[in-house]
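[1] Could you work out the structure for the sequence below:
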Amino acid sequence: HPQSVYELAVAKYTGEGVLEDEVEAVRLFALAAEQDHAAAAYMLGDCLLDGIGVEMDRGAALVWLVRASELGHRGARSRVMAVLEKKDGEDYGDF
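    Got it, this is the predicted structure:
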């Protein structure tokens, strides 16, 4: 069940009640996100954006943040807009 996987991912991410393991948290966020869990998609995008538990990948991060927005995550749209605000002299590749 995606909600259970998401809740375990949050526990692993924060270390609440279990040993903190950001790599495992990202794996679990991805598993739940692939089952259309909006908050998991948001967290996966956030981890990819900041390089938490996974190598930074801005393009993949934006894909998951946009997906989270499409799935109804309230904060995802504003996060996407903040990420897309281009600053002078910074190269964002395809985005």
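
[2] what packs against the worst-scoring helix or strand of the chain on mean pLDDT?
    Every helix and strand in the chain was compared by mean pLDDT, DSSP states H and E; the lowest is helix 76-84, with a mean of 88. Packed against helix 76-84, as judged by 3 or more Cβ pairs under 8 Å, 6 or more residues apart in numbering; DSSP states H and E, are the following elements: helix 38-50, helix 58-70. Where you see a C-beta, it was placed from the backbone N, CA and C, and this is true even at glycine.

[3] what about 6 Å?
    helix 58-70 (3 or more Cβ pairs under 6 Å, 6 or more residues apart in numbering; DSSP states H and E).

[4] What are the buried residues along the helix it packs on?
    Under the neighbour-count criterion of 16 or more other Cβ atoms under 10 Å, helix 58-70 has 58, 61-69 buried.

[5] Run the chain-centre distance for the least confident helix or strand of the chain.
    Centroid separation for helix 76-84 versus its chain: 12 Å, with Cα atoms, centre = their mean, to the nearest Å.

[6] hmm, back to that, any idea which of the buried residues of helix 58-70 is closest to Leu49?
    Ala61 (3.8 Å; Cβ to Cβ).
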